[in-house]
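Undergrad: Sequence first, predicted model second:
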Amino acid sequence: MRAKYHNRKITRDGVTFDSRKEFRRYEELMLLQQAGEITNLRRQVKFVLIPTQREPSKIGTRGGVKKGKLLERECAYVADFVYSENGKIVVEDTKGLRTKEYIIKRKLMLYVHNIRIREV
C-alpha cells in the first residue's frame with residue numbers, strides 16, 4: 001500500500017521513521033550529539049496546541065466526579081526532533097510537503113508556545 005505522500009517508512013534498530021529523509025537527519029543529529037554540539041536529543045515530542053474540550057464535570061450520585069461529555073479532542077503537534085543547541089531548545093521537522101494542516105500547526109506553535117519550528 002502506498003503512503004499518502006509517497007514516503008516510505010524505514011525501520012532501523014527497531015525504530016521506525018516516516019521517511020528516509022527523517023532517518024538520515026536522525027543519523028546527522030546523533031553524530032552532532034556524540035560530538036557535543038547538541039544535547040538531549042528526543043524524537044516524536046508532543047506539544048498540545050488546543051486542549052481537550054468537555055462539558056463541565058458533574059458530581060455523581062455517590063459523590064465522585066463524573067467527567068463532562070467530550071466535545072472536541074485536543075489538537076497537538078508532534079515534532080520529529082527536539083534538542084538543545086547552545087542553551088536553546090530547537091524543535092525540528094523534516095518536511096517533504098507542507099500541508100495546510102502542518103502550516104496551521106506551525107503557526108499555532110509560534111502563537112501558543114512561542115516556538116518557531118526549524119524545517120529541514
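TA: That came in fine, so what should we check first? Being a predicted model, the structure only gives us computed values, none of them experimental.
Undergrad: what bridges to the spatially closest residue to Phe23 that is not a sequence neighbour?
TA: Leaving aside its chain neighbours, Phe23 sits nearest to Phe17 (4.1 Å; criterion: C-beta to C-beta, 6 or more residues apart in numbering). All C-beta atoms are positioned from the backbone trio N, CA, C, and that covers glycine. Counting by DSSP bridges, Phe17 is bridged to Ile10.
Undergrad: what's the neighbour count on Phe17?
TA: When neighbours are counted by other C-beta atoms under 10 Å, Phe17 registers 22.
Undergrad: That one is in contact with Arg8, isn't it?
TA: No - using C-beta atoms under 8 Å, Phe17 is not in contact with Arg8; the gap is 9.7 Å.
Undergrad: Leu32 looks like it's in a strand, true?
TA: No - according to DSSP: H, G, I helix; E, B strand; the rest coil, Leu32 belongs to no strand; its state is helix.
Undergrad: what residues are up against the nearest residue to it once chain neighbours are set aside?
TA: Residue nearest to Leu32 in three dimensions, not counting chain neighbours: Ile38, with 4.7 Å by C-beta to C-beta, 6+ apart. Residues near Ile38 by C-beta atoms under 8 Å, 6 or more residues apart in numbering: 29, 32, 83-85, 90.
Undergrad: Of those residues, grab the buried ones for PyMOL.
TA: A single PyMOL command selects the buried members of the contacts of Ile38 (16 or more other C-beta atoms under 10 Å):
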select buried, resi 29+83+90
